[in-house]
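Visitor: How does the following fold in three dimensions:
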Amino acid sequence: MIVVIEEPVLNVDLIEDVVMELEVAEYNIPPGITADTLTEAGSLIVASAAGVPSETGAPNADGLVWTSKLDEPLKGSWQAVSGGGGDIELTNKSGTSQTAGTVVIWDADNDTAFTTTTNQRDRRVAGVLSEDISNNSAGKVAVAGKRTTVKVTGTVLRGMWLIASSTAGYAMADGYARPAGAIGIALTENPSGTGTVTALISVDHYLGASKGNGYIIGGSDGSASAIAQILTTATETVALSAGANLGAVRSSPAGASNGTDGYTFGGTSTTAYAGVQVTAYKTPISTNTTAGITSANLTSGRSSQAGMYAALAAYVLGGWDGAGTTTTTAFKMPWATSTTALQGSASLSSARSTTGSIYSSSAGYFAGGFSGGVQSAAFKLNIATEITAAIISANLSAAREGTTGIMDTITGYFCGGNTGSVSTTTDKMPFGTEVTAATGSAALSAARKKSAGASSTNGYILGGSTVNTTSQVTPGTPIATTDKLSFSTDVMAAAAGANLATSISSSSFFGG
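Guide: As a prediction, this is how the structure comes out:
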């Protein structure tokens, strides 16, 4: 007789359940989450506490989401997965329902909200809707690392970068190099007209919930002035803003803003050298009300100095002192403290007043100005080292004082000024090359100096003086004319609707 001995059959599922049950017991899995739910990867527990998955703790107490995984056969564990991903949740405040694929921007008037834009190359892009979202409802907005459908207008070829177009909710193509205000890269094509493409989203979050408006404060209307005017870029109109008026008249102050608060530094109360001031004023963008801020006062009086923004601080360089002498002095005011002090390393290597200023994320550039005569030399302030030095490649195409700087994320422009006579010339300097050259298409519609500037989706040159003088004592006759520069085409043209409400030159100006 032959006896057949069968080997015992191993119940893998049973053993797996047992192993998993032993492991998960250490993690205080709550009722309803059983060992069986851990035999396949992918189960989720959203609530967690003290670094382990447990619904007995406060929801998301450690900021993690937990998912089950199988490390190897017959063994499993819980793995923490950090938040993030390609979507964020925002509320639709555009005034109407929006569909998936719509390009949206941050809404400056509501918390965690979006709206749409008709500004081509708008740099306030928040992302692209991943789903239909009704007005006043919240939904998913793709911001990075996600492949999704995007509404487009015009010809779009595979591999082209997308930017905001002038059609609300639609993107357009902008070449193969990453542009300012980038939305993502097209993976499919749109031959012409309106349509959709699939794109890899990679939004250039350069501007946050800023209205992109321009503030023109103080200056000279024939004598020193305290008035404030605000350019609303969405409508391209300018209006007086009494609440933002300075507490005292000032001509030729400097301005800078971090997008939340704008500051006006120094200037002169009489348009004469002896009237130079140390006083600083602060204008919260949310309220448009201006008040003196003693901690931000300059340590010595200055007028016709240049102001600039950096991520952590404002800088004010050069200018006239009370004796009518041009200076090299640099002041620094950290945004966090609103306290101004001398910053010796950032001083100009040659004395200057009435210089133009532009800035990138890493440096500030100061070009032209006056020191015994009009100048062409340029200086670069390295923000990381806070050292200023001459940079010959960025010199103006011709010596000018009283130029006005405007910029987008990749290029700066020095507009107008005085060569001995007022000028229409605009010099362009790409931040990537730091080489300045005259750009004929960007010339001003009317010659002027000491204008205000505003940089948003487009650049604006507002007001200024048409009198051929470099004298601080005689700033010249002001005008109200506004020109608009398209950053995408380098074309400057008059924008009559955005003319100043009252003629002014030599103002503090900043964005907000």
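Visitor: Identify the nearest residue to Asn110 in space, disregarding sequence-adjacent positions?
Guide: Counting by CB to CB, 6 or more residues apart in numbering, Asn110 lies nearest to Lys93, which is 4.7 Å off, once chain neighbours are set aside. The way it works is simple: take the backbone N, C-alpha and C, and place the C-beta from them, glycine included.
Visitor: separation between the one you found and Asn135?
Guide: For Lys93, the distance to Asn135 equals 8 Å [CB to CB, to the nearest Å].
Visitor: now swap in Ile293 and tell me
Guide: Ile293 is 40 Å from Asn135, where distance means CB to CB.
Visitor: which of Lys93 and Asn135 has more neighbours?
Guide: Lys93 (18 against 12; other CB atoms under 10 Å).
Visitor: isn't that one right up against Asp111?
Guide: No. Between Lys93 and Asp111 there is no contact under CB atoms under 8 Å: 9.6 Å.
Visitor: per-residue pLDDT, Gly219?
Guide: Note on Gly219: pLDDT of 95.
Visitor: Pop the domain breakdown of this protein in here.
Guide: Split into domains by automatic domain parsing, the chain comes to 12-82, 87-202, 214-511.
Visitor: Tell me the bridge partners for Met492.
Guide: On the basis of DSSP bridges, Met492 is bridged to Leu485.
Visitor: ok, it touching Thr482?
Guide: No. The criterion here is CB under 8 Å, and Met492 misses it with Thr482 at 10.9 Å.
Visitor: intersection of neighbour lists for the two?
Guide: Common contacts of Met492 and Thr482, defined by CB atoms under 8 Å, 6 or more residues apart in numbering, comprise Ile461.
Visitor: my guess is Ile479 contacts Ser503, does it?
Guide: Yes. Ile479 lies in contact with Ser503 (CB under 8 Å); the separation is 5.3 Å.
Visitor: Any stretches of the stretch 101-250 of the chain with poor pLDDT?
Guide: Across the stretch 101-250 of the chain, the ranges flagged by pLDDT under 70 are 206-211.
Visitor: Okay, strands next: where are they in it?
Guide: 103-106, 113-115, 125-129, 138-142, 144-153, 161-164, 171-173, 184-186, 194-202, 214-220, 224-232, 237-240 (DSSP state E, counting those that start in this stretch).
Visitor: what's the last one in contact with?
Guide: Contact with strand 237-240 is made by 216, 227-232, 462, 482, 497-502, as judged by CB under 8 Å, 6+ apart.
Visitor: Next, the contact list for Thr489, please.
Guide: Going by CB under 8 Å, 6+ apart, Thr489 touches Ser441.
Visitor: Could you do the one 3 residues further on as well?
Guide: Applying CB under 8 Å, 6+ apart, we find Met492 in contact with Cys415, Thr426, Ser441, Ala442, Ala443, Leu444, Ser445, Ile461, Asp483, Lys484, Leu485, Ser486.
Visitor: just those residues now: which is nearest Ser338?
Guide: Ile461 (29.0 Å; CB to CB).
Visitor: I'd like to know how many residues surround that closest one.
Guide: Residues near Ile461, counting by other CB under 10 Å: 28.
Visitor: relative orientation of whichever strand or helix holds it and strand 224-232 in degrees?
Guide: Assigned by DSSP states H and E, Ile461 belongs to strand 459-465. Put simply, strand 459-465 runs at 160 degrees to strand 224-232, going by axes from the mean of the first three to the mean of the last three CA atoms, to 10 degrees.
Visitor: can I get the CA coordinates of strand 459-465 in PDB?
Guide: Coordinates of each C-alpha in strand 459-465 appear next as PDB, following Å, rounded to 0.1, in the frame of the first residue of the first chain:
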ATOM      1  CA  GLY A 459       4.800  99.500 -18.500                       C
ATOM      2  CA  TYR A 460       3.600 103.000 -18.100                       C
ATOM      3  CA  ILE A 461       5.400 106.400 -18.200                       C
ATOM      4  CA  LEU A 462       3.200 109.000 -16.500                       C
ATOM      5  CA  GLY A 463       3.600 112.800 -16.600                       C
ATOM      6  CA  GLY A 464       7.000 114.500 -16.300                       C
ATOM      7  CA  SER A 465       8.600 117.800 -17.300                       C
END
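Visitor: Identify each buried residue in stretch 442-458, please.
Guide: If you call a residue buried by 16 or more other CB atoms under 10 Å, then stretch 442-458 has these buried ones: 442-445, 447-458.
Visitor: and the least confident of those?
Guide: The member of those with the lowest pLDDT is Thr457, at 79.
Visitor: what sits against that one?
Guide: Asn119, Gln120, Arg121, Asp122, Arg123, Ala164, Gly181, Gly212, Thr233, Phe487.
Visitor: Nearest spatial neighbour of the fourth one, chain-adjacent residues omitted?
Guide: The one in question is Asp122. Ala164 (4.2 Å).
Visitor: quick one: contacts for that neighbour?
Guide: Ala164 touches 103, 105, 117, 119-122, 125, 171-172, 181, 183, 457, counting by CB under 8 Å, 6+ apart.
Visitor: Let's have those in CSV, adding distance to Leu246.
Guide: Putting those into CSV (distance: CB to CB, whole Å) gives the following:
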residue, distance to Leu246
Val103, 39
Ile105, 31
Thr117, 32
Asn119, 30
Gln120, 34
Arg121, 33
Asp122, 31
Val125, 34
Ala171, 41
Met172, 41
Gly181, 33
Ile183, 39
Thr457, 28
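Visitor: Buried only: go through those residues for me.
Guide: Buried among the contacts of Ala164 (16+ other CB under 10 Å): 103, 105, 117, 119-122, 125, 171-172, 181, 183, 457.
Visitor: Okay, buried residues for stretch 182-189 please.
Guide: Here stretch 182-189 shows Ala182, Ile183, Gly184, Ile185, Ala186, Glu189 as buried, counting by 16+ other CB under 10 Å.
Visitor: what's in contact with that stretch?
Guide: 103, 125, 127-128, 147, 150, 152, 156-164, 171, 173-174, 197-204.
Visitor: what about the residue nearest to Ala442 when sequence neighbours are not counted, neighbour count?
Guide: Nearest residue to Ala442 in three dimensions, chain neighbours excluded: Thr426, at 3.9 Å (CB to CB, 6+ apart). Neighbours of Thr426 under the rule other CB under 10 Å: 27.
Visitor: what separates Thr426 from Ile358, distance-wise?
Guide: From Thr426 to Ile358 the distance is 12 Å (CB to CB).
Visitor: Alright, calling it a day.
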